[in-house]
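[1] Output the structure for:
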Amino acid sequence: MGAPKTAPKAKKKSTTLRRLFDLDPNPIPLPLPRPPQSETEPEPESATSVLLSLISSSSDPFSAQETNRQTISQLLSTLRLCKKPLPDHLVPPLLSLLSALLFRPLPPQPDPLLLLLLVVDVDDYFPPLSFSPSWPHLTLIYDALSALLAIVDSKSLHSHITHSFLSNLTALLHSADPRERHKLKSTYHQLYSQLTGERAFMRKSMRNALLEADRHCGLGVAELLEIWGSIINGFVVPLKEEHKSLLKRVLMPLHKSRGMPGFYKQLCYCVFQFVEKEMELGEVVVEGMVRYWPVANCHKEVLMIGELEELVEVLDSHQFGKVAVRICSRIANCMSSCNSQVAERALYLWSNEQFVEMASGVMDQILPPIVEAIENNLSSHWSKSIHHLTTSVKKLLEEMEPTLYSRCLEEIKNQEPIARQEEIKRRAMWEMVEMAGRL
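    Okay, here's the model as predicted:
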């Protein structure tokens with residue numbers, strides 16, 4: 001009676017999923033389920049070989065990527081389970097695979113000049129953004145690269161990471177997808193901390209990328225500056241000439257970029273890092289700001305007035321005395337600006353107690369242009385709010401330096417006839433030029 005009962009059970013055991021795969025004359029080469037880590041160690045080599053075969057059999061890496069997302073996820077989970085360090089012979093094929101999937105030509109960006117013409121108000125210019133439809137797959141690849149870097153020995157990484165790889169990675173920072181730029185920023189940080197021998201080349205690549213900010217519509221500049229911020233924070237004092245040239249030739253010219261409002265905070269952080277390390281660089285910063293001061297962009301003017309205010313708070317009294325005339329001359333010009341936002345922001349500087357305290361030490365040098373701007377506002381500015389603010393500033397300065405303020409007023413009154421005569425001569429000269437042009 002026992003034999004007939006055991007026969008049906010034997011038939012049920014033979015009708016398993018593995019039995020059906022074994023009986024299939026044309027089996028599909030699907031990867032087997034990964035055994036638990038406690039039973040078997042992960043085999044990254046097998047997962048890598050599957051991906052490499054898929055890439056080699058496809059002329060387009062992205063088509064393979066689209067059809068094998070599950071396999072890429074399997075590679076990522078396998079890399080995360082691997083113990084450090086990864087066997088050296090597995091690093092080159094993995095890097096080649098990830099390079100084939102990541103490095104691709106970015107979509108062409110619109111002409112920056114065309115963008116500037118399309119924007120009605122130049123103050124509203126910001127870099128264009130677009131979200132890549134392949135991001136669900138790209139994020140897996142970036143995670144796989146990060147996991148690979150975490151388990152590869154630094155010495156092995158030095159021998160396998162090439163300059164071409166680093167340059168291509170830097171070029172991807174100009175992607176229009178902010179999610180990809182964020183991933184790249186983390187990956188670049190990771191590489192910079194591990195590749196100590198390649199740091200000079202990586203800094204050079206980032207410098208060149210910043211110099212091409214306008215060419216790429218300002219894309220990736222904020223992320224590059226965030227990377228630079230952490231690098232500058234680690235610079236030792238005294239600073240090298242290479243580091244000082246970064247401030248003078250790369251960071252300060254970024255103030256003239258059309259996309260500056262988009263990376264203003266990151267730029268200020270990098271600049272002030274230099275000044276905090278060496279106060280003498282405050283002169284370089286002020287000189288650069290005056291040189292690249294915006295002429296027809298009111299929003300950038302407001303931002304740069306705020307940057308000047310923060311700079312004054314960082315400087316000591318001795319260094320401020322060296323740049324006080326240039327700073328306050330620029331502030332005086334902004335106080336009498338026709339744009340009410342610019343004039344208001346400049347006038348509000350005098351409500352900053354630290355700024356007023358620093359200015360009081362060099363009042364005899366900075367007061368003449370300030371008094372001239374105040375008198376011009378009271379006599380000819382169109383905005384009532386600016387009149388009110390100017391009156392408050394005038395009362396403050398008269399209370400601080402009554403004698404010096406009166407002397408400046410007398411000098412302005414004495415110079416008025418001379419200014420009128422020069423204006424008459426200038427108009428007469430232009431009339432002569434116009435008459436000569438009509439003949």
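[2] For residue 347, give its distance to residue 262.
    The gap separating residue 347 from residue 262 is 27 Å, by C-beta to C-beta, to the nearest Å. For glycine as for every other residue, the C-beta is placed from the backbone atoms N, C-alpha and C.
[3] Tell me which of those two has more neighbours.
    Applying other C-beta atoms under 10 Å to residue 347 and residue 262 shows that residue 347 carries more neighbours, namely 23 against 18.
[4] For the more buried one, what is the enclosing helix or strand?
    helix 340-347 (DSSP states H and E).
[5] Next secondary structure after that helix?
    helix 353-360.
[6] so how far is residue 388 from the closest residue to residue 368 other than its chain neighbours?
    Distances taken as C-beta to C-beta, 6 or more residues apart in numbering put residue 408 closest to residue 368, at 5.1 Å, once the chain neighbours are dropped. The spacing between residue 408 and residue 388, counted by C-beta to C-beta, is 22 Å.
[7] can you check residue 433 too?
    Taking C-beta to C-beta, one finds residue 433 at 42 Å from residue 388.
[8] what's the answer for residue 104, then?
    From residue 104 to residue 388 the distance is 58 Å (C-beta to C-beta).
[9] before we move on, back to that, please say which of residue 408 and residue 388 ends up with more neighbours.
    Set residue 408 next to residue 388 and count neighbours by other C-beta under 10 Å: residue 408 wins out with 21 against 10.
[10] tally of neighbours for residue 175?
    Residues lying near residue 175 (other C-beta under 10 Å) number 21.
[11] My error: substitute residue 182 in the last question.
    Using other C-beta under 10 Å: residue 182 sits among 13 other residues.
[12] Please apply the same query to residue 249.
    12.
[13] And residue 346, by the same measure?
    26.
[14] Just the CA trace of stretch 285-298, in PDB.
    Only the C-alpha atoms of stretch 285-298 are listed here, as PDB (Å, rounded to 0.1, in the frame of the first residue of the first chain):
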ATOM      1  CA  VAL A 285      39.400  90.300  -4.600                       C
ATOM      2  CA  VAL A 286      38.500  94.000  -4.500                       C
ATOM      3  CA  GLU A 287      40.600  94.700  -7.600                       C
ATOM      4  CA  GLY A 288      38.800  91.800  -9.400                       C
ATOM      5  CA  MET A 289      35.300  92.900  -8.300                       C
ATOM      6  CA  VAL A 290      35.900  96.500  -9.500                       C
ATOM      7  CA  ARG A 291      37.300  95.300 -12.800                       C
ATOM      8  CA  TYR A 292      34.400  92.900 -13.500                       C
ATOM      9  CA  TRP A 293      31.700  95.000 -12.000                       C
ATOM     10  CA  PRO A 294      28.400  94.700 -14.000                       C
ATOM     11  CA  VAL A 295      27.300  97.600 -16.100                       C
ATOM     12  CA  ALA A 296      23.800  96.700 -17.300                       C
ATOM     13  CA  ASN A 297      22.800  93.900 -14.900                       C
ATOM     14  CA  CYS A 298      21.100  95.300 -11.800                       C
END
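[15] Now tell me what touches it from outside.
    122-123, 247-248, 252-253, 255-256, 271, 274-275, 300-301, 304, 307-308, 311, 323, 326-327, 330, 339, 341-342 (C-beta atoms under 8 Å, 6 or more residues apart in numbering).
[16] and that stretch, which residues are buried?
    Neighbour-count burial for stretch 285-298 flags 285, 286, 288, 289, 292, 293, 294, 297, 298 (criterion: 16 or more other C-beta atoms under 10 Å).
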